[in-house]
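> Got a predicted structure plus its sequence, pasted below:
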Amino acid sequence: MIMKTDKQGWMDVCREHLKNPPGEAFEAWGESDERKGIALPPLEKAFPEGAKRIALIAPEKLDLGAMAVADAIRDRHSRRAFTDEPLTFGELSYLLWATQGIRKMHPEKPVAFRVVPSGGCRHPYETYIQIERVEGVLPGLYRYGAVNHELVFLRDVPADADPSLADVCYGQGSVAAAAVTFAWTAIPYRTEWRYGPDSLKDLLMGIGHVCQNLYLACESIGAGTCAIVAYDQEKLDAYLGLDGVEEISLYVAPVGKAIES
């Protein structure tokens, strides 16, 4: 066992997580739940009963994101300064679809083919959105329902919330200034069901695919974002209403209309 008693101990732990697990890890784990015949985990977490649902605009009905891919890749960079301009409802619909949207469903299984890659098509993520300034949408904390391409209201967020989401992210000004802030979580079992001890690397790499799509989609509509992993883990889990075990917060990305830098 690696002892985490000093800096070197923690470095050893972190570097072990960069590697594929050894054969004995699979032996200790045993047969995967998939091979045991256990049913596929749900595509998305259940929503609170009676929660308000807002249908988003389907991507094929939007005239957004026409920028050439090469231009979006070239111009992409982290943007931390935003105007006070709100996002339109169409722009929010587009950004949610661009990050976790479903292209099509498997004809025989509860499996979703999305706009981003995920090992084994497991897609273990949930998308939470704190809305401050979106035309036609009241501020608050929401979750994206990818199956029906909808926003689901979770709770109000008072202006004097203590802590605020910015506080949870160590006072980062880009979160305080954002029109919306994306917060992605992972439900590890969706990946563990198939890959067992080989899940960690895939899960962490996959969230990078999601956030890069947000960067490129933002560039294509004159918005900007900045990926954040500097946050208090326990406070962010609590802020989003997670148990920190079966669902864990992973990544934060404030979004707003960009101030050119």
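Thanks, I have the structure now.
> how about low-confidence regions in the stretch 1-150 of the chain?
Where the stretch 1-150 of the chain drops to pLDDT under 70, the residues are 1-5.
> What ranges does it have for its helices?
7-16, 23-29, 69-75, 89-100 (DSSP state H, counting those that start in this stretch).
> can those helices go into JSON lines with extra columns for distance to residue 182 and mean neighbour count?
C-beta: built from backbone N, CA, C; applies to glycine. JSON lines is the format used below for the helices of the stretch 1-150 of the chain (distance: least, Cβ to Cβ, whole Å; neighbours: other Cβ atoms under 10 Å):
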{"stretch": "helix 7-16", "distance to residue 182": "25", "mean neighbour count": "11"}
{"stretch": "helix 23-29", "distance to residue 182": "32", "mean neighbour count": "11"}
{"stretch": "helix 69-75", "distance to residue 182": "18", "mean neighbour count": "12"}
{"stretch": "helix 89-100", "distance to residue 182": "7", "mean neighbour count": "24"}
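> where's residue 27 relative to residue 161, distance?
Applying Cβ to Cβ, to the nearest Å, the value for residue 27 to residue 161 is 47 Å.
> show me where the stretch 1-150 of the chain has strands.
Counting by DSSP state E, counting those that start in this stretch, one finds strands in the stretch 1-150 of the chain at the ranges 53-55, 102-105, 112-114, 125-131, 140-145, 150-155.
> thinking again about what came up before, let's have the helices of the stretch 1-150 of the chain in a markdown table, adding distance to residue 152.
Putting the helices of the stretch 1-150 of the chain into a markdown table (distance: least, Cβ to Cβ, whole Å) gives the following:
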| stretch | distance to residue 152 |
| --- | --- |
| helix 7-16 | 35 |
| helix 23-29 | 34 |
| helix 69-75 | 29 |
| helix 89-100 | 12 |
